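> Return atomic coordinates for the entry below.
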Amino acid sequence: MKVAIVHDYLVQRGGAERVVEVLHEMYPEAPIYTSVYNPATTWPSFRAMDVRTSFMQKITRSNKISRALLPLYPAAFASLDLRGYDLVLSSTTAFAKGVRVPEGARHICYCNAVTRFLWDAGTYFNRQDMKLPARVGVGALGAALRPWDYAAAQRVTRFVAGSANTARRIQRHYHREAVICHSPIDASRFAPSSRVEEYFFTTARLNAYKRIDLAVQACSALGLPLLIAGDGPTAGASKRLPGRPFASWGASPTTTCATTTPPAAPSSCRAKKTSG
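Here you go, the predicted model:
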């Protein structure tokens, strides 16, 4: 059986990219098709894999710029040549499910999250530091892309959701059932400690939709210390929030956790998750 793996873009280090790593471990001979690939800004493991990109690679490898080229993504994934494959495994929060698979091939889509700016635009924009003209432009583009996204979802053979919440959103927006398979975690990298300290802990890429600000505000209001591992666009804003949580900022949540995860905490402060 000939297998291909497809992912939205490989330009950052996050949980969705870890899913692709695991899929490649399952099918090590499978090439990875994506819109844009930047070896310098995603996990180093991809350098040893057969990564094949779309025409967008010739335009930019920048995360910021590639995200600004939203109108090109449907065409980018439609242009990927998947002839000859029996099974296509897509990992997506946005566009990878839009690939065209050969007749008779099966397309299994691991959906980390239903595309936020298309189906939850109000909440998504309220959490982003985005100026009004940009919001209006992206909102108009989202209205145009929703029919494409829905049609792409109907061509998927089977959905696999990263969480029960994502499965409910797949049903609500795409009218498709999904099997739930939680995102992979390398538990061998962590070990319990005999030392117990009283603080809360959270880790993530610090994007607005992750709602780390809620953990900061809650622990600040209660006068509880909070340890944060991670970095991202909202790191500066989170540091400026009023209160007195103890925060540790690292460029990679995964790397930071492996070395600085607290031995124990009274419980967890976390926002509603879409995957994992």
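
> Need the pLDDT of residue 201.
According to the model's per-residue confidence, residue 201 sits at a pLDDT of 80.

> Tell me, how many residues neighbour it?
By the criterion of other Cβ atoms under 10 Å, residue 201 has 22 neighbours. Heads up, the C-betas are built off the backbone N, CA and C, glycines and all.

> do residue 73 as well
23.

> Run through the residues that contact the closest residue in space to it that isn't next to it in sequence.
Counting by Cβ to Cβ, 6 or more residues apart in numbering, the nearest residue to residue 73 once its immediate chain neighbours are dropped is residue 95, at 4.1 Å. For residue 95, the residues meeting the contact criterion (Cβ atoms under 8 Å, 6 or more residues apart in numbering) are 8, 35, 73, 74, 76, 77, 115, 152.

> CSV for the residues you listed, including distance to residue 17?
Formatted as CSV, these follow (distance: Cβ to Cβ, whole Å):
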residue, distance to residue 17
8, 10
35, 14
73, 17
74, 22
76, 18
77, 17
115, 17
152, 21
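
> Of those, which is the most crowded?
The member of these that has the most neighbours, counting by other Cβ under 10 Å, is residue 35 with 28 neighbours.

> quick one: it and residue 78 touch, right?
No - with contact taken as Cβ atoms under 8 Å, residue 35 and residue 78 are classed as non-touching, separated by 11.0 Å.

> Quick check: the gap between the residue nearest to the spatial centre of the chain and residue 110.
Computing the C-alpha centroid of the chain and ranking residues by Cα atoms, centre = their mean puts residue 16 first, at 4.4 Å. Here the distance between residue 16 and residue 110 works out to 9 Å (Cβ to Cβ, to the nearest Å).

> who touches both of the two?
The overlap between the contact sets of residue 16 and residue 110 (Cβ under 8 Å, 6+ apart) consists of 91, 92.

> Break the protein down into its domains, please.
Structural domains of the chain, as assigned by automatic domain parsing, span the residue ranges 3-180, 188-260.

> So which of those domains has the densest surroundings on average?
domain 3-180 (a mean of 18; mean count of other Cβ atoms under 10 Å).

> Next, the distance between the ends of it.
Start to finish, the residues bounding domain 3-180 are 22 Å apart (Cα to Cα, to the nearest Å).

> Quick one: distance of that domain to the chain centre.
For domain 3-180, the distance from its own C-alpha centre to the chain's C-alpha centre is 9 Å (Cα atoms, centre = their mean, to the nearest Å).

> Closest one of the contacts of residue 95 to residue 158?
Nearest to residue 158 among the contacts of residue 95, counting by Cβ to Cβ, is residue 152 at 14.2 Å.

> Okay, the residue nearest to that closest one when sequence neighbours are not counted and residue 33: tell me how far apart.
Counting by Cβ to Cβ, 6+ apart, residue 152 lies nearest to residue 98, which is 3.9 Å off, once chain neighbours are set aside. Separation of residue 98 from residue 33 (Cβ to Cβ) stands at 12 Å.

> for the stretch 101-250 of the chain, which spans come out with low pLDDT?
Counting by pLDDT under 70, the ranges of the stretch 101-250 of the chain that qualify are 121-138, 207-209, 231-250.

> which phi and psi does residue 46 have?
Summarising the backbone geometry of residue 46 under the convention degrees, to the nearest 10, its torsions are phi -70, psi -20.
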